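predicted structure and sequence below. I'll ask about it afterward.
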Number of protein chains: 2
Amino acid sequence: MYRQQIQEEYARLVVRVGANLQPGQVAVVSAPVERADFAALVSEECWKAGAEDVLVLYRDEVLRRLRYQFGASEVLEQVPSWELEQRIAYPKGKACYITIEGEDPDALRGLDSIKVGKAVNARNRGMQPFYDLLDREENQWTIAAAATSSWAAKVFPQLAGEMAVNRLWDEIFQVMRLDHPAPVEAWQEHSKMLRRYCRLLNNGDIVQLHFRSGLGTDLTVPLAEGAIWCGGCDHTADGIAFQANMPTEEVFTMPHRNKVSGRVVSSMPLSYQGNLIRNFSFTFLDGAVVEYSAEEGGEALETLLGADEGSRYLGEVALVPYTSPVRRSGLLFYHTLLDENASCHLALGSAYPSNMKGCLEMDRQQRADRGFNESVSHVDFMFGTQDLQVVAQRADGSQLTLFENGIWAV
Amino acid sequence: MYRQQIQEEYARLVVRVGANLQPGQVAVVSAPVERADFAALVSEECWKAGAEDVLVLYRDEVLRRLRYQFGASEVLEQVPSWELEQRIAYPKGKACYITIEGEDPDALRGLDSIKVGKAVNARNRGMQPFYDLLDREENQWTIAAAATSSWAAKVFPQLAGEMAVNRLWDEIFQVMRLDHPAPVEAWQEHSKMLRRYCRLLNNGDIVQLHFRSGLGTDLTVPLAEGAIWCGGCDHTADGIAFQANMPTEEVFTMPHRNKVSGRVVSSMPLSYQGNLIRNFSFTFLDGAVVEYSAEEGGEALETLLGADEGSRYLGEVALVPYTSPVRRSGLLFYHTLLDENASCHLALGSAYPSNMKGCLEMDRQQRADRGFNESVSHVDFMFGTQDLQVVAQRADGSQLTLFENGIWAV
């Protein structure tokens, strides 16, 4: 019963803080079909917040797997026009988008990965107008997690059925700060702190970061021209605050596509398309991965790097203290939404327009010239450790130690 | 476990016999979100039958109730264009439609019934092109039932949770003939028998039916001009057989809108918009209900009759033997899909185009002249009894006894 109450509190957090739904808006909610109960709580909260309408789109990983298994590539690679319309048929700023994630990280395991990869990429291209709309930040959007049985079984293989689901819910509640007496206020406080770091970094005229850890990381990450540090919360063009990801512990910015050099060693396994990649490292030269190794999952790593030209270059660098609630849980959640909040990380693949000043007004060449990386993929991997040191270099050549012993030093 | 196996058999029956999906077709499946497990079985069976694609659209009665509760009428009365597109965006005959029903019969109880009624009617109008498509019979379509917890609680209020659901499943299996060793063959046999009755009646030049029972029914039902008896299975324009309703025990035709006279007394309660109407009777004159009474639910009966002009006239007359599996279950399922197969019944409201020769080529006036009734509603009610006698009158004035003691006499 107490879980029901915390779930209600969580739904409130997602709607009021995550999406920050405004009266008169339409909420477009996407959720796993197994969590129709949580979708109903979110939906009710949307109505109470003054939604004009609430549209819930269910995703079903069982049906999706069947479709990838039996469907022909020509069919899988199409996006029907109504499906795009369903998302974008609203005047500017009218909708807000709430995504509840909870899929089995291994849902697609054992399928023809080339067929699936092509279908996923084609689908992403077909839905591009929707992603563009999110990039333009005319609308609030948020992604939050909910426990499902297949995901819970992956995180807690030793627990049976409902016990695993309950345990995963409890862990989610914790990393969402729902164990605080006033979660909404705790979030606002936390968000304020992240924004304070952003301001500090944005005002610091920082041009380059250097990372070093006992694991063997020794990496220089020059930033893109006009790089902006983001974190804590986003704002729509109309100034409405929202949390794109829940939880969020990071402040992050854009590396220069062509200037990263050195070596980075992973500190957590990476779950990629149902495969686990363990103890891996990359060597960068002029921004590109020129050497890589993995104790396990080398083939998946190769697929990842081969998605397209941009998938060998970095699109994001993020700072997360080693004391974050996700890291303290001691768990691998097999979901980037949570895992990326465990420690400092980098992302191979596409950069975020919001991390570069004036990016949306530039053409492709202009932003590429400033160090923006483009790719169909964006894959985060963790390299933060308890001994990680992060030193920033300012435009004037002076240095500022940002992290010492894995946590903020400023 | 045995329920899982019977469910698989049931899914096979729905896909192979109900929809009779042809290789290369797209299956559009609509299902209650609580029965995602059964939707997956149906989906898998569609793929195995050679579907080109399978689209599952989930309905959620909890979300629907919230929407009717909180949403403004202007919003509820709109159908977004993508929603219609989702159903009809296929070349002629390309799709087949599978609807899994299992909603709580009382799902909308306690809501503002005028607001809900207007929204439902507006929604039906908005989706009219889809219903027209079904009427044209270019595509196969089928409606079948699946047990859900809210529905099961209504049918078996004395049983707790999962027990009620399992019991309802078991009853559904039985009325679906899934207790036969070879259900597909049993269905084909049953369907053949119903078609034999149809042929007999269609070749019999029948112009009028007369019903009489000890309960007080004494009703004369002249048929529409060019009335066609249907039952057993339908055929698409391309000659593909399908079962529009599962189960089906009826052969049915079109009464003449303006000629029905006499009195009919109900033999089973009628569940209408969450209200139960018990022990009711109608007196008809020139086709219209001119008097009615009900021991319980009189107000709901009034709403039903007041939906529009056509809701006081008959649109269907159906013959079902009193020995049907649904009647033998002794249950009221609170769902027309099942209950109408318990005994002979009539429907107030719209007639089916398939019950009149050349109907789709006529304009409204032409078909009205021949006795076709039009209405936004179509509500079946049962009046068949163990002693029901049905006598048909041929065009030449001769008579043929169709039912004696509630069962077929021919």
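Everything's here; your move.

contact residues of chain A facing chain B?
Proximity of chain A to chain B is confined to A:33-34, A:36, A:39-40, A:43-44, A:47-48, A:51-54, A:56, A:58, A:60, A:62-63, A:66-67, A:69-72, A:75, A:80-83, A:85-86, A:89 under the rule Cβ under 8 Å from any Cβ of the partner chain. In this view, the C-beta of every residue, glycine as well, is placed from N, C-alpha and C.

which of the residues you listed are buried? Put it as a PyMOL command.
Buried residues within these, by 16 or more other Cβ atoms under 10 Å in any protein chain shown, are selected in PyMOL with:
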select buried, chain A and resi 33+34+36+39+40+43+44+47+51+52+53+54+56+58+60+62+63+66+67+70+71+80+82+83+85+86
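
which of the residues of chain A next to chain B fall within strands?
A:53-54, A:56, A:58 (DSSP state E).

JSON lines for these, including pLDDT?
Listed next are these as JSON lines, based on pLDDT from 0 to 100:
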{"residue": "A:D53", "pLDDT": "98"}
{"residue": "A:V54", "pLDDT": "98"}
{"residue": "A:V56", "pLDDT": "98"}
{"residue": "A:Y58", "pLDDT": "98"}
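
as TSV, those residues with distance to A:L305 would be great.
What follows is those, written out as TSV (distance: Cβ to Cβ, whole Å):
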residue	distance to A:L305
A:D53	43
A:V54	41
A:V56	37
A:Y58	33
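
what lies in contact with the top helix by length along chain A?
If you go by DSSP state H, chain A has its longest helix at helix A:183-202. Contacts to helix A:183-202, defined as Cβ atoms under 8 Å, 6 or more residues apart in numbering or on different chains, come from residues A:9-10, A:12-13, A:16-17, A:176-177, A:180, A:228-233, A:243, A:248-251, A:253, A:319, A:392, A:402, A:408, A:410.

next: stretch A:360-369.
Outside of stretch A:360-369, the residues within contact range by Cβ under 8 Å, 6+ apart are A:135-136, A:257, A:353, A:356, A:359, A:370, A:374.

what about the longest strand along chain A, average pLDDT?
Ranked by number of residues, the top strand in chain A under DSSP E is strand A:275-285. Summarised as a single mean, pLDDT over strand A:275-285 is 95.

can you map out the strands along the stretch 101-250 of chain A?
Here the stretch 101-250 of chain A has its strands, by DSSP state E, counting those that start in this stretch, at A:141-145, A:206-212, A:218-222, A:230-231, A:234-235, A:241-242.

got the ones you listed as a markdown table, with mean neighbour count columns?
Rendered in a markdown table, the data for the strands of the stretch 101-250 of chain A read as follows (neighbours: other Cβ atoms under 10 Å in any protein chain shown):
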| stretch | mean neighbour count |
| --- | --- |
| strand A:141-145 | 24 |
| strand A:206-212 | 20 |
| strand A:218-222 | 20 |
| strand A:230-231 | 23 |
| strand A:234-235 | 16 |
| strand A:241-242 | 18 |
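
from chain B, how far out is A:C96?
Plainly put, A:C96 is 16 Å away from chain B if you go by Cβ to the nearest Cβ, to the nearest Å.

need the contact list for the closest residue to that residue other than its chain neighbours.
Nearest non-adjacent residue to A:C96, counting by Cβ to Cβ, 6 or more residues apart in numbering or on different chains: A:Q140, 4.2 Å away. Residues near A:Q140 by Cβ under 8 Å, 6+ apart: A:19-21, A:96-97, A:234, A:236, A:240, A:242.

phi and psi next, for A:S311.
phi -80, psi 0 (degrees, to the nearest 10).

and it, how close does it get to chain B?
On the measure of Cβ to the nearest Cβ, A:S311 and chain B end up 29 Å apart.

what residues are bridge-paired with A:L285?
Per DSSP bridges, the residues bridged to A:L285 are A:A288.

ok, now A:L346?
Under the criterion used here (DSSP bridges), A:L346 is bridged to A:V317, A:F381.

which stretches of the stretch 1-150 of chain A form helices?
Using DSSP state H, counting those that start in this stretch, the helices of the stretch 1-150 of chain A run over A:2-13, A:36-48, A:61-70, A:73-76, A:81-88, A:113-126, A:128-135, A:149-155.

what's the last one packed up against?
This points to helix A:149-155. In terms of contacts (3 or more Cβ pairs under 8 Å, 6 or more residues apart in numbering or on different chains; DSSP states H and E), helix A:149-155 is packed against helix A:161-175.

quick one: the helix it packs on to helix A:36-48, angle?
Angle between the axes of helix A:161-175 and helix A:36-48 is 40 degrees (criterion: axes from the mean of the first three to the mean of the last three Cα atoms, to 10 degrees).

all helices for the stretch 251-400 of chain A, in order.
A:298-305, A:325-328, A:336-339, A:364-369.

quick one: contacts of the longest one?
By Cβ under 8 Å, 6+ apart, the surrounding residues in contact with helix A:298-305 are A:113, A:117, A:272-273, A:275-277, A:280, A:289, A:292, A:294, A:311-312, A:348, A:377, A:379.

just the second one next, same as before
Judged by Cβ under 8 Å, 6+ apart, the contacts made with helix A:325-328 from elsewhere in the structure are A:174-175, A:177, A:247, A:249, A:320, A:333, A:338-339, A:341-343, A:384.

let's see it at 10 Å
A:171, A:174-177, A:179, A:190, A:247, A:249, A:267-268, A:320-322, A:332-333, A:337-343, A:382, A:384, A:386, A:406 (Cβ atoms under 10 Å, 6 or more residues apart in numbering or on different chains).

related to what we said a few turns ago, nearest to B:K154, of the helices of the stretch 251-400 of chain A?
helix A:336-339 (39.3 Å; Cβ to Cβ).

do you know the pLDDT at the closest residue to A:Y58 other than its chain neighbours?
Once flanking residues are discounted, A:Y58 sits nearest to A:V33: 4.3 Å by Cβ to Cβ, 6+ apart. For A:V33, the model assigns a pLDDT of 97.
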